[in-house]
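>>> 3D model of this:
(one chain, ligands or ions: 2)
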Amino acid sequence: MKKKILVTGGAGFLGSHLCERLLNEGHDVVCLDNYFTGQKQNVVHLLKNPYFEIIRHDVTTPFFIEVDEIFNLACPASPIHYQYNPIKTMKTSVMGAINMLGLAKRIKAKVLQASTSEVYGDPKIHPQTESYWGNVNPIGERACYDEGKRAAETLFVNYHKQNNVRIKIIRIFNTYGPRMHPNDGRVVSNFIVQALKGENISIYGDGNQTRSFCYVDDLIDGMIRMMNSRDSFTGPVNIGNPGEFTIRELAEKVIQLTNSSSKIIYQPLPSDDPMQRKPDITLAQKELGWEPKIHLEEGLIKTIEFFKSVI
Ligand code: NAD
Ligand code: UDP
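Ligands and ions are numbered 1, 2, ... in the order given. So this is what the prediction gives:
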């Protein structure tokens, strides 16, 4: 059945892949974005499809439209961008959630929140299960993002309990792939761009901190499966790739796959940088029949090809 679907943050990295996938599935897609970290370039190729529209709008102010489903992705995701204007970041998460939940309530739409592994902060439980409450510094550099996303989860759960809004919460772990912005500042894009330009590879700290990297196609698949799952399953559910790597291992892999002459340099570790991160995806496997299929090396090769074409 053709659905009318709103994607907030649709001109961003994940949003643009989501819009594309939903259009390919035959849906009518409205992309809403204020272009803070996203760009028209990411979705311009979709404009030839008559079932695709883009609207410039900021989710901190109310928005009205008739749709069947809302994917709420609007929020800067890279630490350098979300720390640029921390008050705005928190407003985007909290007021954006209130506006989208209010809209969903009014039009009886189903609404999915793109939450994050950052709700676990610097986790003391490893790997992270959904039942873990996390370890977040509420006044640290990352708090505007982490606490904003935590508050958004609270709002989602309470609109569901109090107003019967059909909600879905996914906790996304570090995702990478084509259409990341070359200046996005996140580790995969930074390392690939540095390697391709023959610049030094900037490891923050000693490089022993870990992350688990999910290729974008796998992530989008999990996100759509979650939206289509039974109404009583609201999440939160972890969506990520459990393959865990140190940041130094990532740097070495990128150097090897790009045949780069770049050297690794070590720079100060930003405050509150989580030491480890790895999703437990048992719940996603059970409820959504989902698990990632693309191994880090395969995903990096595709991502390197993309960056070769844009820089
Ligand atoms: P991104 O920065 O590429 O995309 C975010 C999009 O939201 C951009 O297009 C931006 O312009 C838009 N936006 C920001 N503030 C807005 C506002 N106030 N009103 C309207 N639009 C606004 O980041 P991404 O990686 O595509 O992330 C998308 C979502 O997924 C975010 O909510 C992010 O927190 C979440 N997430 C992503 C990751 C990841 O690894 N990529 C991990 C965890 C969570
Ligand atoms: N990082 C790094 N060099 C960079 C960018 C990031 O060593 O050029 C590190 C960063 O300190 C963190 C990890 O890589 O430990 C992942 O950083 P990213 O900003 O991609 O995401 P997040 O910290 O939110 O997981």
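>>> Give me the phi and psi angles of Q194.
The phi/psi pair for Q194 (degrees, to the nearest 10) reads phi -60, psi -40.
>>> Enumerate the residues of the stretch 101-250 of the chain near ligand 1.
For the stretch 101-250 of the chain, the contact set with ligand 1 under C-beta under 6 Å from any ligand atom comprises 114, 116, 172, 174-175. For glycine as for every other residue, the C-beta is placed from the backbone atoms N, C-alpha and C.
>>> Out of those, which two sit at the greatest distance?
A114 and N174 (13.3 Å; C-beta to C-beta).
>>> more neighbours, those two?
A114 (26 against 20; other C-beta atoms under 10 Å).
>>> Tally up the residues packed near the closest residue to that one other than its chain neighbours, please.
Here the nearest residue to A114 in space, its sequence neighbours aside, is L73; by C-beta to C-beta, 6 or more residues apart in numbering that works out to 4.5 Å. Neighbours of L73 under the rule other C-beta under 10 Å: 29.
>>> L73 and V7 touch, don't they?
Yes: using C-beta atoms under 8 Å, L73 is in contact with V7, at 6.5 Å.
>>> what do the two both touch?
Residues touching both L73 and V7 (C-beta atoms under 8 Å, 6 or more residues apart in numbering) are 15, 18.
>>> and the residues of the stretch 101-250 of the chain next to ligand 1, which of them are in strands?
With strands defined by DSSP state E, the entries of those inside them are 114, 116, 172, 175.
>>> separation between the last one and G205?
Look at T175 and G205: by C-beta to C-beta, to the nearest Å, they are 22 Å apart.
>>> Which of those two has more residues huddled nearby?
Neighbour count, other C-beta under 10 Å: between T175 and G205, T175 has more, with 28 against 15.
>>> what sits against that one?
13-14, 213-216, 219, 240.
>>> Could I have the ChimeraX command that selects the buried members from the residues you listed?
To isolate in ChimeraX the members of those that are buried, counting by 16 or more other C-beta atoms under 10 Å, one can use:
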select :13,14,213,214,215,216,219,240
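>>> Next, format the contacts of T175 as TSV and append pLDDT.
Below are the contacts of T175 laid out as TSV (pLDDT from 0 to 100):
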residue	pLDDT
F13	98
L14	98
F213	98
C214	98
Y215	98
V216	98
L219	98
G240	98
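>>> T258 and I301 touch, don't they?
No: when contacts are counted by C-beta under 8 Å, T258 is not listed as touching I301 (9.7 Å).
>>> If you count surrounding residues, which of those two has more?
Higher neighbour count among T258 and I301: T258, with 21 against 11, using other C-beta under 10 Å.
>>> Spatially nearest residue to that one (excluding sequence neighbours)?
A195 (4.2 Å).
>>> Just the pLDDT for the residue positioned nearest the centre of the chain.
When C-alpha atoms, centre = their mean is applied to the chain, the residue found nearest the centroid is I172 (5.6 Å). Listed pLDDT for I172 reads 98.
>>> Let me know whether it touches N241 as I believe.
No: if you go by C-beta under 8 Å, I172 and N241 don't touch, sitting 10.9 Å apart.
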